[in-house]
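Student: Turn this into a structure:
(chains A, B, C and D, ligands or ions: 4)
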Amino acid sequence: MARMNMIEAIRSAHDIVMDRDPSVIVLGEDVGYFGGVFRCTDGLQRKYGEHRVIDAPISEGGIIGAAIGMGVNGLRPVAEIQFADYIYPGFDQIVSELARLRYRSCGEFFSPVTIRTPCGGGIRGGQTHSQSPEGIFTHVTGIKTVMPSNPYDAKGLLISAIESNDPVVFFEPKRIYNGPFDGDPEKPAVSWNSHPKGEVPEGHYTVPLGKADVARPGEELTIVTYGTLVHIAIAAAAETGVDAEVIDVRTMAPLDVATLADSVNKTGRCLVAHEATRFGGYGAELAATVQKECFYSLEVPIGRVAGWDTPYPHAFEWQYFPGLKRMSAGIRRVMEAG
Amino acid sequence: MARMNMIEAIRSAHDIVMDRDPSVIVLGEDVGYFGGVFRCTDGLQRKYGEHRVIDAPISEGGIIGAAIGMGVNGLRPVAEIQFADYIYPGFDQIVSELARLRYRSCGEFFSPVTIRTPCGGGIRGGQTHSQSPEGIFTHVTGIKTVMPSNPYDAKGLLISAIESNDPVVFFEPKRIYNGPFDGDPEKPAVSWNSHPKGEVPEGHYTVPLGKADVARPGEELTIVTYGTLVHIAIAAAAETGVDAEVIDVRTMAPLDVATLADSVNKTGRCLVAHEATRFGGYGAELAATVQKECFYSLEVPIGRVAGWDTPYPHAFEWQYFPGLKRMSAGIRRVMEAG
Amino acid sequence: MTKSRLHIPRPTARPGETPDFSYLDLSPAGSVDKPALDARARDIEHLSRGLVRVLDDDHSAKGQWDPGFDATQLQVGLRWMLLNRVFDERMWQIQRQGRISFYMQATGEEAVSIAQGMALRPGDMCFPSYRNQGLFMYRGVTLVDMMCQCLSNTRDMCQGRQLPIMYHSKSGNVFSVSGNLGTQYPHAVGWAMASAIKGEDHIAASWVGDGTTAEADFYHALTFAAVYQAPVILNVVNNQWAISTFQGTAAGQRRAFAARGLGLGIPGIRVDGNDFLAVYSATLWAADRARRGGGPTLIELVTYRGGAHSTSDDPTKYRPKDEWESFPLGDPVERLKQHMIAEGHWSEAKHESLIDELRTEVTAAWKEAQKYGTMTEGPWLDPGTMFDDVFDETPHNLESQRRRMLEVERGE
Amino acid sequence: MTKSRLHIPRPTARPGETPDFSYLDLSPAGSVDKPALDARARDIEHLSRGLVRVLDDDHSAKGQWDPGFDATQLQVGLRWMLLNRVFDERMWQIQRQGRISFYMQATGEEAVSIAQGMALRPGDMCFPSYRNQGLFMYRGVTLVDMMCQCLSNTRDMCQGRQLPIMYHSKSGNVFSVSGNLGTQYPHAVGWAMASAIKGEDHIAASWVGDGTTAEADFYHALTFAAVYQAPVILNVVNNQWAISTFQGTAAGQRRAFAARGLGLGIPGIRVDGNDFLAVYSATLWAADRARRGGGPTLIELVTYRGGAHSTSDDPTKYRPKDEWESFPLGDPVERLKQHMIAEGHWSEAKHESLIDELRTEVTAAWKEAQKYGTMTEGPWLDPGTMFDDVFDETPHNLESQRRRMLEVERGE
Ligand SMILES: Cc1ncc(C[n+]2csc(CCOP(=O)(O)OP(=O)(O)O)c2C)c(N)n1
Ligand SMILES: Cc1ncc(C[n+]2csc(CCOP(=O)(O)OP(=O)(O)O)c2C)c(N)n1
Ligand SMILES: [Mg+2]
Ligand SMILES: [Mg+2]
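Tutor: Ligands and ions are numbered 1, 2, ... in the order given. Got it, this is the predicted structure:
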């Protein structure tokens, strides 16, 4: 076992898979010589060559389009989109092609592309470096969507994604690349060093796609969330003294309904939380599913804590971002209801 | 009053607004000389000239990008995207620019673009002429999303959209361009001629954005839906003999929560229905909102009837499309639950 | 408003007006020289201005681009072009009779799929547009299989999931046709990049229409092809029309589509798309160049969309009825036939009997195809299959939707 | 895997290697002729190959592109370029001291914003990239206002909603800077189309970097500009680098960016971007041409990104430390200064005192800006304003979110 932060875990996942399978190639803006603006691919070009770790033109549509073609020709491309905020120029290729190729050709053609992209706020990055667009992808059938919340899962899920024959959009919550974050911007940064999920095997292992994780067991309330907010939910449970069960969704689509339902059927209360804007977000699906599956166990309405329905406001990110304050307020609301 | 089908009503809306306001211009693929593949802009170029009704290159991204610039320069562009299935190449311009321009410039710049696009299935159009992508847009703050279900609303809402200073994505359910449709593909087509909502004033009037409509009053169950499915819901109420209240959402964002909540608080049962795939769709937001607002009135879980979570399957559209059969089954399920 | 200064591109003729193709720059057959395979892109920019033609008005083959075909090769070409045409005619009728829901012809453009198909090797991968049915035929998809796709019947290669004409052929190395314009172009480039990465010498080819050149994916493909010198042939089938808009609406008015890649260093060849020999020869040149590491070539095939855009279209609404008849590059089938007659390889009688033979073949295929089901008669596909192939393995949520769908169908 | 044949574009030098700009095609000052304003696009394609230069190595102005500036005009240009540079230097330090969160310099590229700003008329609309701060300054945005934006303080024109440097100026006709690369390019074309539709003679101009030319919006803009002959100037600021990738990764290796529009019939001019006079003159030519209905022009400004990409970047990781010093086109400020000295309009002493004056101005502005709030000290913006301007009128759901937000802030 080694100690890794999320960046190192992601890099290690690439390394392990590239070493085993020569068909795995990496492409994206600044991923090659430079190793990526977040360093997630650092050293890979030196090790695997310029023909397997490719600096791409600044063209998200072209990157995804070309990756699809490479995948059809037997490669297993891992494409990095520098920030999730910049994925939209490639959206048509994802929705109209990547997600539907296997279906429309009855399995004759498919392209096992993994698209990695850092997402989320809390880093003073302003509107175009902070978005959480996962809810736009979870509605697209034919792709799997993943967001890990710690180095161990990041590596295991990324290996699963790259080895999967299905296209995967892999969101990386950049706020916790270097350490878990409990949602209080005033507190000093911590590192993955002392966190159990910062212990990561050096070799090959997988975390299965499609399985949620109970990040904190509890009895009084279920918090369903993912990414950075998993840690904030755990911190808020401590702060409020509520014995919350925190479910880390991990794979957003397909969703592990059973793990959610079991928990809410036990606790009778549910809070759904994400950074993305609330209206029409992925949390709506979580709430809709939970109300359906757990209607007769639910004691109070399902609460939602999410980014407000505005663009990401640079200077107000700590009023906007669902940090400790808002998570705790959300918990209290659900506990006091009924 | 005149009799109009939805195409005529949409054409009339253009005509009325273009006549009043010389800054209104129309652009899109085949909209000019030819009058649009669905004829929605037929005759407008002859009347208003090639400089106000503009045949555009086949470039949805360019159409929306250029429209934004025109809007910034004082025009009021109405852009047609030939099929909603082809809107994705323009997605980045919608999300990153159109929706955020006013916000990021604190109101100094904005662009009052209306994007019209035919959506939905049931016309044997296969995957790329049948999609219902509204759920991808309702999650994008800064744009309004609209879908009318009849000629009267189509004209009134479209005039509101064009006259609004906010960007609007205006979905047109092509299945009911020529007549309402009760969801039974075996039955002969009907026309708007005999439908009360086919009576449309020739002149200027508006239907306000942001207001839902009670399309059928009822006491036993609330069906929340929009577009083509409004008519199918009404037909299914008749078929099942359930006294359902059918709410036509009309404006999907911002949502008229009060009208929904009032109805469900009255009936105690709710079915949400749309053509789009179910997972992560707009129906999830409807269900999440209703469970929150009406928790203590709800007698049974909110049901969802929607397209299955597969790409649109050409030959199986009548198993896939939420027609009369599935709507009635959905009603029965909700009525029999509890 | 004051007087507008916006330039509006206008076609030279609209319904009721006299067709006028004076805007088309033509060069005489044989007048464009054929550069060496290793010519530098900058030294062959003139190929994007001229028009590579082999077949002259007197039906002889002229110049350096003449591939020097023997009688058999010519007959193979003619046969497949004719089959494409006869097939299209028949499918059009079948649609008109309401027996399939939709169809698109390649009438007048058959040289594109057939001559280019012949110039490529079987291991080369094709990323077609919806007007490349000829490629599928030439690469081994049977007429019955193509018809079954259009019928969405029990033998449909798409298992009912796709609109008619959205074929695919893994064994024939022809990619799945997409309804979204131009999306296949960057796939071809990515495929070609993969071929180069693997050190293989297969190349890729893709096709888009003149109108589609305005889509982002067209440019994405050109950019990536230029940067990585991908072994790919990027074809623009300039059939003058994109539904109701003419090629000027795609910025074809000032400079030929063949020039679209020059600014990225991609050589462009403007070819008489109705000249079977010229199309073959230009394609082979570009393929050989790509295979030797010479990188991408953009080929513009100047042709004319002889028919309606699709069965949903009525072209008399936006262009002169008789425009095709005035098209200076004629009809590819007719031109090859006349050449073969002039060469002594062919006759009107042989031609007629070939047409008869092909019609019979198509009729037989249609008869057989219907056995696997039609729009009105069974056997039927199992609708439960609609949940397959969304993913590699069908996840539980789709399995339960499958069950629920069957319940609803049974009236539960 | 077998040996890959993929072409990988490589910069001529990486850290530790000797800078090598031999790949840059240069023409001597005055060697490129200046065509008539109504020259046809096809007749001036050579402008995309040469390099329009006015300032010669001996600091004199040469040739037809010399705008013949008087001393005052030259001083205006120098003053604004210097202000841009001094401002950038100061803001960079301020960021390094942690007093603003982010910054981007235009070091080495100041001629672009200033000379082009001077060549355009106030009624012309600019759609800038994030490196066009000089345009905002020149068009009347005060240093204090720019600093307040970077501070997100109570006087911030963006009311705290935007990352530093994302300025906008309605009164100065400079559009809101976007963090998404290239999206402003089609806006400029649409704006220009609207100007033409309205029969006005205002033109639009936009700027992107060499790397950004690979984005779809670059091509969308070119296509629409070509089709409608929009009165627009489309600038590519080729500063050789796009973060860590060099211009070859954007397909700049085989053909200059100025040629990118030739295939659409858009004339391209390749200009020495560090030659204040050449930049001014080429821009004025393109502007006059556009204003007369001559349509769009693509201008490539060949320059060098003298600094890091942004405060988040460390260029020593990917390019030689001293590359800028070897850049054959030098430094635009230095070159204009030397020209003015050579012309007898200027002196080292005057230059030094101008720098002092500008530094004082910038220091005063910084002092004032801080009064409106800093990252650590008030006054503060009201976070409730974050719900404004999402729509024209704030809908009820946002109003209730505003209330809820304030409740949570108060600990409710
Ligand atoms: C992304 C997208 N936009 C619009 C359409 C609708 N459409 C289908 S074919 C067509 C015209 C294409 O013209 P061209 O590229 O010239 O090809 P041709 O039909 O002439 O072969 C249009 C606009 C589409 N299929 N996809
Ligand atoms: C759509 C999009 N993709 C990626 C980025 C990240 N990014 C910001 S600047 C930059 C490099 C741009 O290089 P260039 O266009 O040459 O401009 P320069 O910085 O050199 O002025 C990149 C990749 C972005 N902002 N937007
Ligand atoms: Mg065409
Ligand atoms: Mg650059």
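Student: quick one, phi/psi of the most centrally placed residue in chain C?
Tutor: Centroid check for chain C by CA atoms, centre = their mean gives C:N132 as the closest residue, at 3.4 Å. Here is the backbone geometry of C:N132 (degrees, to the nearest 10): phi -100, psi 30.
Student: The helix or strand where C:V237 lies: how far from the chain's middle?
Tutor: Assigned by DSSP states H and E, C:V237 falls within strand C:232-238. With CA atoms, centre = their mean, to the nearest Å as the basis, strand C:232-238 stands 9 Å off its chain's centre.
Student: now do stretch A:284-296
Tutor: That offset, for stretch A:284-296, works out to 21 Å (CA atoms, centre = their mean).
Student: Check stretch A:20-27 too.
Tutor: Centroid separation between stretch A:20-27 and its chain, computed with CA atoms, centre = their mean, is 22 Å.
Student: tell me how far the ends of it are from each other?
Tutor: 18 Å (CA to CA, to the nearest Å).
Student: Stretch A:79-97 too?
Tutor: End to end - CA to CA - stretch A:79-97 spans 15 Å.
Student: That one - what's its average pLDDT?
Tutor: Across stretch A:79-97, pLDDT averages out at 98.
Student: That one and ligand 1 in contact?
Tutor: No. With CB under 6 Å from any ligand atom as the criterion, ligand 1 is not reached by stretch A:79-97; the gap is at least 7.6 Å. The way it works is simple: take the backbone N, C-alpha and C, and place the C-beta from them, glycine included.
Student: before we move on, what about stretch C:238-245?
Tutor: Yes. Judged by CB under 6 Å from any ligand atom, stretch C:238-245 comes into contact with ligand 1 through C:N239, C:W241, C:A242, C:I243.
Student: ok and the residue in chain C nearest ligand 2?
Tutor: C:A216 (12.3 Å; CB to the nearest ligand atom).
Student: Skipping adjacent residues, who's closest to that residue in space?
Tutor: Excluding the flanking residues, the one nearest C:A216 by CB to CB, 6 or more residues apart in numbering or on different chains is D:A216, at 3.3 Å.
Student: Also A:N193?
Tutor: A:N193 sits nearest to A:R3 (CB to CB, 6+ apart), 5.7 Å away.
Student: Do you know the pLDDT at that neighbour?
Tutor: You'll see A:R3 listed with a pLDDT of 97.
Student: repeat for C:M147
Tutor: 98.
Student: number of nearby residues for it?
Tutor: Using other CB atoms under 10 Å in any protein chain shown, C:M147 has 26 other residues around it.
Student: mind listing what it touches?
Tutor: The contact partners of C:M147, taken as CB atoms under 8 Å, 6 or more residues apart in numbering or on different chains, are C:M91, C:A365, C:W366, C:A369.
Student: check contacts around the third one.
Tutor: Under the criterion of CB under 8 Å, 6+ apart, the contact partners of C:W366 comprise C:R90, C:I94, C:M147.
Student: three-state assignment of the last one?
Tutor: Here C:M147 is recorded as helix under DSSP: H, G, I helix; E, B strand; the rest coil.
Student: For ligand 3, see how far away it is.
Tutor: Noted for C:M147: a distance of 25 Å to ligand 3, by CB to the ion, to the nearest Å.
Student: Not counting sequence-adjacent ones, nearest residue to residue 314?
Tutor: All of this refers to chain A. A:G126 (4.1 Å).
Student: That was the other one, I meant chain C.
Tutor: C:D314 sits nearest to C:A308 (CB to CB, 6+ apart), 6.6 Å away.
Student: So the one you found is in contact with C:P315, correct?
Tutor: Yes. Taking contacts as CB atoms under 8 Å, C:A308 lies within contact range of C:P315: 5.0 Å.
Student: Near A:R304, how many other residues are there?
Tutor: 24.
Student: Is it correct that it is in contact with A:E285?
Tutor: No. Contact criterion CB under 8 Å: A:R304 and A:E285 do not qualify, at 11.2 Å.
Student: list residues touching both of the two?
Tutor: B:A288.
Student: secondary structure element for A:V305?
Tutor: strand A:303-307.
Student: And A:A288, its phi and psi?
Tutor: Dihedral pair for A:A288: phi -60, psi -40, per degrees, to the nearest 10.
Student: Next, count neighbours for it.
Tutor: Every residue meeting other CB under 10 Å relative to A:A288 is counted, giving 29.
Student: What's the separation between it and ligand 4?
Tutor: 46 Å.
Student: and that residue, what is it in contact with?
Tutor: B:G283, B:A284, B:E285, B:A287, B:A288, B:Q291, B:I302, B:R304.
Student: could I get those as a markdown table with distance to C:A256 and pLDDT?
Tutor: Shown next, in a markdown table, are the contacts of A:A288 (distance: CB to CB, whole Å; pLDDT from 0 to 100):
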| residue | distance to C:A256 | pLDDT |
| --- | --- | --- |
| B:G283 | 50 | 98 |
| B:A284 | 50 | 98 |
| B:E285 | 50 | 98 |
| B:A287 | 55 | 98 |
| B:A288 | 55 | 98 |
| B:Q291 | 60 | 98 |
| B:I302 | 59 | 98 |
| B:R304 | 53 | 98 |
